[in-house]
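>>> Predicted structure and sequence below. I'll ask about it afterward.
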Amino acid sequence: MEPSVRFLEALRSRGCATLPAGPSKVRATCPNHRDKRPSLSVSWTGNKVLFNCFGGCASHRVLSALGLTYADLFLGPAPQKGVRAVEVAVYPYVNEVGVLMAEKVRYEPKRFRWRRPDLTQPDGVSWDLGDMAGQLPLYRLPELAKKRIVILEGEKAVDRLRALGFTATCPPAGASSWPDRFSAALQRLGVTDVVILPDADGPGDRHAERVASSLNKSQQETGVDCPASFGPCPSGTVGADSGRRDTAGVGGRLRAGFAQGVTMARYLSHPFSGIPPRRLPSAGWRRGGRQ
């Protein structure tokens, strides 16, 4: 989850009022003291959140009131002193016509940074997304046209599934956000149908419901059929028929060998039964895979 999204969601869940204060910046009422006027200043880049309470609250008390830690202020674990981060992967985000918008860089120890083309910089690269954070497309967007796709939560899982011959994507902020513009983009590309494959946890379930609701809304507004189905999250050694769930993410199950060719193909075409009917959006959506 993007640190800015995590922080703002924590503020709203505690009933804190937020007011825009500029690009990538808000003023909010402080959760740690009775605040009649917003005294908490919050700003962010694509990689970290900075905040300060002008009412005098210590930062650790603000974080405690929000149920957060210092690590939650960073995209991935907070940088550790004396530990050199090594770049291990680069995930390019391009628009519908293939123009590079930004790249998410993955490091070990695990952390992420965003960079984007910027001709005003000496090396042609800016490490601050700025206002572009709200304009990033889905991962591997041009590849999705007129295909059945799988929606996951992270780029690493997408690339693993893609290596097995499937068409997959994920949002740039992982399971934390699915704006309606993503659903509109899938409609424009003529995606035939969607399998939503969440991680086996609370955020994964909420993400799946958010995606399905948004796609359903887009379908109702445009009249373009793009049916979706939910996939359960079975454990690495249990067949898809069982519908069992565990705490592993999709990437972990792929590493465990669950997604080997025929097995994953059978999994993605199976009538899923992992999510109770009451949790599915009511209009226009099928429970299960292709009939």
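Yes, it's here.

>>> where do the helices sit along this structure?
Under the criterion DSSP state H, helices of the chain are mapped to 3-13, 59-66, 155-163, 180-188, 202-222, 250-255, 262-269.

>>> Name the residues of the fifth one that come out as buried.
Residues of helix 202-222 classed as buried: 204-205, 207-219 (neighbour count, 16 or more other Cβ atoms under 10 Å). (C-beta placed from N, C-alpha, C; glycine too.)

>>> any weak-confidence spans in the stretch 1-150 of the chain?
Applying pLDDT under 70 to the stretch 1-150 of the chain flags residues 1, 46, 76-83, 131.

>>> now with 80?
By pLDDT under 80, the low-scoring segments of the stretch 1-150 of the chain are 1-2, 5, 22-24, 45-47, 75-85, 128-134.

>>> For it, which segments count as strands?
With DSSP state E, counting those that start in this stretch as the criterion, the stretch 1-150 of the chain has strands at 18-22, 25-28, 40-44, 49-53, 86-94, 100-108, 111-117, 125-126, 148-151.

>>> Parallel or antiparallel, list what pairs with the first one.
Strands flanking strand 18-22 in the sheet, each with its direction: strand 25-28 (antiparallel) (DSSP bridges).

>>> List of residues touching the partner strand?
8, 11, 16-21, 38-44 (Cβ atoms under 8 Å, 6 or more residues apart in numbering).

>>> Please convert the strands of the stretch 1-150 of the chain to JSON lines, extending it with distance to S4 and mean neighbour count.
Supplementary listing: the strands of the stretch 1-150 of the chain in JSON lines, determined by distance: least, Cβ to Cβ, whole Å; neighbours: other Cβ atoms under 10 Å:
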{"stretch": "strand 18-22", "distance to S4": "12", "mean neighbour count": "11"}
{"stretch": "strand 25-28", "distance to S4": "9", "mean neighbour count": "18"}
{"stretch": "strand 40-44", "distance to S4": "4", "mean neighbour count": "20"}
{"stretch": "strand 49-53", "distance to S4": "6", "mean neighbour count": "18"}
{"stretch": "strand 86-94", "distance to S4": "17", "mean neighbour count": "14"}
{"stretch": "strand 100-108", "distance to S4": "15", "mean neighbour count": "17"}
{"stretch": "strand 111-117", "distance to S4": "12", "mean neighbour count": "19"}
{"stretch": "strand 125-126", "distance to S4": "17", "mean neighbour count": "15"}
{"stretch": "strand 148-151", "distance to S4": "22", "mean neighbour count": "22"}
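
>>> Fine by me, we can end here.
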